[in-house]
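In: Have a look at this prediction, sequence included:
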Amino acid sequence: MTQDYKCGYVTLIGRPNVGKSTLMNALIGQKLSIVTRKAQTTRHRVLGILTKDDLQIIFLDTPGIMDPHTSLDQLMMQRVKESVDDTDLIIFLVDARVGEPDLHSLKAIKDRPAILALNKTDLVRQEALLPLVDAYSHEHSFESIIPISALTGLNLESLMKELSRLLPQGHPLYPPDMISEHPERFFVAEIIREKVFEKFRQEVPYSSTVKISNFIERDEGKDLIEAEIVVERQSQKGILVGAKGHALKAVGMAARRDIEAFLGRDVYLKLFVQVRKDWRNRDQFLRSFGYK
């Protein structure tokens with residue numbers, strides 16, 4: 001390790017669906033945060049670690065900034081605040097296709113050093129970015145403003161150079177082969193929840209969460225994973241299970257493929273659906289499901 005080694009925390013914040021999870025996955029080079037087309041997919045503060053010869057970055061992917069309506073929403077916004085308070089540098093991510101600046105979310109930066117990353121610029125005429133850049137520049141003194149595409153990789157190398165330039169010198173905080181401090185069962189639950197978001201509409205994904213009830217690693221044969229998909233109403237359970245259990249089976253098949261790819265081993269996945277009325281507003285359930 002050189003004397004010029006850099007190490008620090010980088011928090012990604014912005015509105016729902018601007019591409020924070022896609023960006024963190026792209027920068028780390030591995031899928032850690034789940035990604036769907038639906039807004040507000042990320043609920044936890046997901047930590048991802050990128051280690052290079054002269055640099056270690058601890059990324060914090062945060063829930064999208066919104067006005068909270070449930071106790072779960074309030075906890076999610078608290079995670080954003082904590083991540084901003086604890087970080088060395090912020091990537092404030094915005095959707096370049098939205099012409100008006102997001103001044104509401106910008107307040108979350110406070111006086112912390114930040115990079116403005118204009119995402120999805122591959123879908124926007126370059127001249128259309130100038131008024132947006134000007135508007136943001138008048139509201140906050142950004143360290144850098146970089147047009148990117150998290151999906152195609154546009155200018156991500158430039159973004160990495162800026163992160164390396166701005167982060168403080170310091171020793172690495174994690175071993176070089178470690179990519180997250182979350183346990184495997186956290187990512188397994190997130191993969192299952194991702195499939196629920198992908199396969200169902202309207203209120204079902206947002207009313208659901210996943211709890212791993214059993215996780216048994218075996219020296220021979222497949223690992224056993226049993227998971228509960230929790231919803232708030234009996235009608236939602238009926239939609240999740242589907243006729244003759246076909247809908248739940250489809251979730252399980254899609255989740256199992258991704259879980260096996262993530263773990264690098266075969267698994268036997270059993271899914272159950274439970275109803276916990278109004279769980280998003282009840283402390284006992286928020287604690288039990290790992291949100292509090």
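Out: Perfect, I can see it now.

In: Not counting sequence-adjacent ones, nearest residue to H44?
Out: Nearest in space to H44, with sequence neighbours left out and distances taken as CB to CB, 6 or more residues apart in numbering, is R79 at 7.2 Å. All C-beta spots, glycine's among them, are computed from the backbone N, C-alpha and C.

In: Downstream of the helix or strand hosting that neighbour, the next helix or strand is which one?
Out: R79 is part of helix 71-86, with elements assigned from DSSP states H and E. Downstream of helix 71-86, the first helix or strand assigned by DSSP H and E is strand 89-95.

In: so P113 makes contact with R165?
Out: No: P113 lies out of contact with R165 (CB atoms under 8 Å); the separation is 11.3 Å.

In: Please identify which of these two sits among more neighbours.
Out: Comparing P113 with R165 by other CB atoms under 10 Å, the one with more neighbours is P113, at 15 against 10.

In: wait, what's in contact with that one?
Out: Listed by CB atoms under 8 Å, 6 or more residues apart in numbering, the contact set of P113 reads 88-90, 143, 166.

In: in this structure, which spans are helices?
Out: With DSSP state H as the criterion, the chain has helices at 20-28, 71-86, 103-106, 129-139, 156-166, 184-199, 203-206, 234-241, 246-263, 283-288.

In: so what pLDDT did M76 get?
Out: Looking at M76, its pLDDT is 96.

In: Hmm, it is touching D67, no?
Out: No: assessed by CB under 8 Å, M76 is found out of contact with D67, at 11.4 Å.

In: So which of the two has more stuff around it?
Out: M76 (22 against 7).

In: Roughly how far does the nearest residue to that one once chain neighbours are set aside sit from P172?
Out: Spatial nearest neighbour of M76, excluding adjacent residues (CB to CB, 6+ apart): P63 at 4.0 Å. Separation of P63 from P172 (CB to CB, to the nearest Å): 27 Å.

In: returning to that earlier point: just the buried members of the contacts of P113?
Out: Buried by 16 or more other CB atoms under 10 Å: 88-90, 166, out of the contacts of P113.

In: Nearest to I192 among those?
Out: In terms of CB to CB, no member of these lies closer to I192 than I90, at 30.3 Å.

In: doesn't Q236 make contact with A247?
Out: No: in this structure, A247 is not within contact of Q236 by CB under 8 Å, at 11.4 Å.

In: who's in contact with the closest residue to M77 other than its chain neighbours?
Out: The shortest distance from M77 to any residue other than its chain neighbours is 5.4 Å, reached at P68 (CB to CB, 6+ apart). Residues in contact with P68, defined by CB under 8 Å, 6+ apart, are 74, 76-77.

In: Distance to I34 for those residues - can I get that in JSON lines?
Out: Shown next, in JSON lines, are the contacts of P68 (distance: CB to CB, whole Å):
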{"residue": "Q74", "distance to I34": "21"}
{"residue": "M76", "distance to I34": "15"}
{"residue": "M77", "distance to I34": "19"}
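
In: of all these, which comes closest to T36?
Out: M76 (16.1 Å).

In: ok, now how distant is that closest one from K38?
Out: 15 Å.

In: Also Q236?
Out: In this view, Q236 and K38 are 16 Å apart by CB to CB.

In: Which residue of these two possesses the greater neighbour count?
Out: Legend: neighbour count by other CB under 10 Å for Q236 and K38, higher for Q236 (21 against 15).

In: returning to that earlier point: wait, the residue nearest to M76 touches S33, no?
Out: No: applying CB under 8 Å, one finds P63 not in contact with S33, separated by 10.6 Å.

In: How many neighbouring residues does the residue lying closest to A26 once chain neighbours are set aside have?
Out: Closest residue in space to A26, ignoring its immediate chain neighbours: A150 at 5.2 Å, by CB to CB, 6+ apart. Look at A150: counted by other CB under 10 Å, it has 26 neighbours.
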